Every structure is written in structure tokens, then in C-alpha cells.
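Undergrad: Just a sequence and a predicted model for now, questions to come.
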Amino acid sequence: MTGQRVGYKRVSTVEQNTTRQLDGVPVGKVFEDKASGKNTARPQLRAALEYCREGDTLVVHSMDRLARNLTDLRLLVNQLTARGVAVEFVKEHLTFTGEDSPMANLLLSMLGAVAEFERALLLERQREGIALAKAEGKYTGRKRTLSDAQVKEMVRRATLGEESKTAIAEEFGISRETLYAYLRAHALLQGA
């Protein structure tokens, strides 16, 4: 392939960073998502897929950064290679071009299945650990970052509608989604 090398990075949360992904790997343009990989509806992934042209190579740190399950992984790789775009996975040292050997396709399926299995085991262990901690009275959930007075003030300002919710959330050091959760809880309390 002689086209452009296009990088794609993904982490699951805003707090995580992508610094180690594709570190030292030559790419011309990089697309980066801070979103769960549980589905393929990620804005920067879509942008990367639209940007890639025949002869380009989409470079991804590892298979689990592109997709969380084998079905999505195979679908994305097949869609790209059908358009003449190669897909390179740096960690696994694998590149798919559409003219792949049966062994390469087997590796894609096996490694993708192993990544999906590892993810399922991790979630199962996490659920079991939380259930055990709850049973022992050790798990109370995440600690609140805002006092009752701060929540009251934030809800008051948000319901006035004079400021953007984004600005309010940033000022209180929380995400917009958390602000909306507080607003929904407040609305439920008012309705009760």
C-alpha cells in the first residue's frame, strides 16, 4: 500500500489518555475517540472511516481499540479492506489487506475472540467483586464530589437558564452528563 497512514486511537473515558497508543508509529493523520468501544457509533471512528481512501492504511494500537467484540471487528476490517484500505494492528503485528491468507483470517478471528472473552471475564470479575463488597458492607459506590449546598446552587443556576449547562458543569468540576443526572434527580424529587 502506498497511500497515507491514518491513525485511530480510543480510550473509554475522558480521564484516560491515548499517549501510549501509536507512540513512535509513523502516521499522517490521527483520529481520537474518548468513548466506550461497545458500539461502532463513535464520531472520530466514523470520521476516520470516511477519511480513508483506497491505498491508505488505518493504523490502530490493538484490536480492542477498534472494536469490543468479534462481530464488529470482522465487519470493520472487511468493510475497510473491501474498499482497498489496509488495517494494521500494531500490538498484534498484523496487517489485513483483503488479500489475506486463511491463516491471517484465523488469527483475526482468534485474537478478536480472545479480546472479547477477556473483556467479558473482566466485567464478570468486576460484578462479582462489587457484589461481594456490597454483601460485606464495604461498597457504598462512588463518593460524591459536591456538597448538598453546591448541588442546590448548581441546580438553581441550571434551571434559571441564564448560563450554559456546559459552563456550569465545568465550574463545578463535573461532566455535563453528571449535571443532567442531578437535574433529573431534582425533577423527580419535585414531582414526588
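TA: Good, I have the coordinates. As the structure is a computational prediction, the values presented were derived from the model and not from experiment. Residues are numbered from 1 along each chain as shown.

Undergrad: could you say what helices and strands the longest helix anywhere in the chain packs with?
TA: Using DSSP state H, we find that the single longest helix of the chain is helix 102-135. If you count contacts as 3 or more C-beta pairs under 8 Å, 6 or more residues apart in numbering; DSSP states H and E, helix 102-135 packs onto helix 63-66, helix 70-82, strand 94-96. For the C-beta atoms, the positions are set from N, CA and C on the backbone; glycine is no exception.

Undergrad: what does the longest one contact?
TA: Where contact means C-beta atoms under 8 Å, 6 or more residues apart in numbering, the residues beyond helix 70-82 that reach it are 39-40, 49, 52, 58, 63, 66-67, 86-87, 96-98, 100, 108-109, 112-113, 115-116.

Undergrad: Buried deepest among the helices and strands packed on helix 102-135, which one?
TA: Mean neighbour count (mean count of other C-beta atoms under 10 Å) peaks for helix 63-66 among the helices and strands packed on helix 102-135, with a mean of 23.

Undergrad: Identify all contacting residues around that helix.
TA: Contacts of helix 63-66 (C-beta under 8 Å, 6+ apart): 8-10, 21, 37, 45, 60, 73, 76, 87, 89, 91-92, 108, 111-112, 115, 119.

Undergrad: Which among those residues count as buried?
TA: 8-10, 21, 37, 45, 60, 73, 76, 87, 89, 92, 108, 111-112, 115 (16 or more other C-beta atoms under 10 Å).

Undergrad: how does this structure divide up, domain by domain?
TA: Per the record, the chain has its domains at 5-112, 148-191, by automatic domain parsing.

Undergrad: Point out where the chain drops to low pLDDT.
TA: Applying pLDDT under 70 to the chain flags the ranges 1, 39-40, 191-192.

Undergrad: contacting residues around Leu22?
TA: 7, 9, 30, 59, 61, 90.

Undergrad: part of a strand, is the third one?
TA: So that's Val30. Yes - the assignment for Val30 by DSSP: H, G, I helix; E, B strand; the rest coil puts it in a strand.

Undergrad: Residue numbering should commence at 22 henceforth.
TA: Understood, numbering begins at 22; the last thing we discussed is Val51.

Undergrad: can you pull up the bridge partners for it?
TA: Beta-bridge partners for Val51, by DSSP bridges, are Gly28.

Undergrad: isn't it right next to Gly28, touching?
TA: Yes - judged on C-beta atoms under 8 Å, Val51 makes contact with Gly28 at a distance of 4.0 Å.

Undergrad: more crowded one of these two?
TA: Between Val51 and Gly28, counting by other C-beta atoms under 10 Å, Gly28 is the more crowded of the two (23 against 17).

Undergrad: Only C-alpha atoms, please: export the helix or strand harbouring Gln65 in PDB.
TA: Assigned by DSSP states H and E, Gln65 falls within helix 64-72. Extracted in PDB, the C-alpha atoms of helix 64-72 (Å, rounded to 0.1, in the frame of the first residue of the first chain):
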ATOM      1  CA  PRO A  64     -17.700  10.200  15.900                       C
ATOM      2  CA  GLN A  65     -14.000  10.000  15.300                       C
ATOM      3  CA  LEU A  66     -14.100   6.400  14.200                       C
ATOM      4  CA  ARG A  67     -16.800   7.400  11.600                       C
ATOM      5  CA  ALA A  68     -14.600  10.300  10.600                       C
ATOM      6  CA  ALA A  69     -11.600   8.100  10.200                       C
ATOM      7  CA  LEU A  70     -13.600   5.600   8.100                       C
ATOM      8  CA  GLU A  71     -14.800   8.400   5.800                       C
ATOM      9  CA  TYR A  72     -11.400   9.900   5.500                       C
END
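
Undergrad: Since that was my last question, I'll sign off now.
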